[in-house]
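Undergrad: Just a sequence and a predicted model for now, questions to come.
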Amino acid sequence: MSDVDKALASQMTNIQAKTGKSLDELYAVIQQSAFTTHGTIRSFLKETLGLGHGDANTLTTFYLKSAVSPNPPPPIPDGDVLASIYHGSKAALRPLHDALMSAINDFGPFEVAPKKAYVSLRRKKQFAMIGPSTQTRVEVGLNMKDVAPTARLIALPAGGMCQYKVNISELAEVDAELLAWIRFAYDRAG
């Protein structure tokens, strides 16, 4: 089981503990709502069960992929969460993601929270997001302040999920400079 799959299993266990409902009971609540799209189910779970956005999003994703759902999407390639993010024309980018995660794992403990198109990396708060932004590059979003942007470290508009991003398209770009920025964000997140 990959770190991402372990994180998802842990998150689903925590959702059941927070709500006091088993997975079958949660799915029944969703079914009774009659909502069928991802966004409407997620909003319903946030409002009805008081779940945060990430938990509601993950539960919705699991529900829609279940046999219980009236509209299950096609199965995830290889049964792997990352395979659903890095599939088709983006499959060649998976080694970039794996190289980043291998280096970041050396920093110490953190949570991996998979989303639909990226993974969120968290300590007490999110410090990075990693996912394919195009068919040819992976975007690393960074939450950190008081860092001067460079041609490579791109400042993002205020109010977004991250303050900076770095685009990488080859393994050589997973270098000391990028890892130092990620480490800076990691240290301040926890």
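TA: Received the coordinates, thanks.

Undergrad: Next one: residue 102 from residue 156, what distance?
TA: 26 Å (CB to CB, to the nearest Å). Bear in mind the C-beta positions are built from the backbone N, C-alpha and C, glycine included.

Undergrad: The two: which is more packed in?
TA: Neighbour count, other CB atoms under 10 Å: between residue 102 and residue 156, residue 156 has more, with 14 against 10.

Undergrad: Mind pulling up the pLDDT for that one?
TA: For residue 156, the model assigns a pLDDT of 94.

Undergrad: buried set for the helix or strand harbouring residue 101?
TA: Using DSSP states H and E, residue 101 sits in helix 94-105. By neighbour count on 16 or more other CB atoms under 10 Å, the buried set for helix 94-105 is 94, 96, 97, 99, 100, 101, 103, 104.

Undergrad: swap in stretch 109-121?
TA: 110, 112, 113, 114, 115, 118, 119, 120, 121.

Undergrad: What of stretch 137-148?
TA: Going by neighbour count (16+ other CB under 10 Å), the buried part of stretch 137-148 is 137, 138, 139, 140, 141, 142, 143, 144.

Undergrad: Where does pLDDT dip in the chain?
TA: 1, 67-80 (pLDDT under 70).

Undergrad: Listing partners with orientation, what would you give for the strand ranked longest in it?
TA: Longest strand in the chain, counting residues (DSSP state E): strand 126-132. With DSSP bridges as the test, strand 126-132 is paired with strand 119-122 (antiparallel), strand 138-142 (antiparallel).

Undergrad: residue with max distance from the center of this structure?
TA: Most distant residue from the mean C-alpha position of the chain: residue 32, 27.7 Å away (CA atoms, centre = their mean).

Undergrad: quick one, phi psi at that residue?
TA: phi -70, psi -20 (degrees, to the nearest 10).

Undergrad: Show me the strands in the protein, by range?
TA: With DSSP E as the criterion, the chain has strands spanning 111-114, 119-122, 126-132, 138-142, 154-155, 164-168.

Undergrad: Switch the ones you listed over to a markdown table; also include distance to residue 44.
TA: Conversion of the strands of the chain to a markdown table gives the following (distance: least, CB to CB, whole Å):
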| stretch | distance to residue 44 |
| --- | --- |
| strand 111-114 | 20 |
| strand 119-122 | 22 |
| strand 126-132 | 24 |
| strand 138-142 | 28 |
| strand 154-155 | 36 |
| strand 164-168 | 32 |
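
Undergrad: Figure out which of the ones you listed is closest to residue 59.
TA: strand 111-114 (12.6 Å; CB to CB).

Undergrad: Let me see the domain layout of this structure.
TA: When the chain is parsed with automatic domain parsing, its domains come out as 3-65, 81-188.

Undergrad: ok so, going back, can you add distance to residue 162 and give the strands paired with strand 126-132 back as a markdown table?
TA: Listed next are the strands paired with strand 126-132 as a markdown table, based on distance: least, CB to CB, whole Å:
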| stretch | distance to residue 162 |
| --- | --- |
| strand 119-122 | 10 |
| strand 138-142 | 3 |
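
Undergrad: No further queries at this time; thank you.
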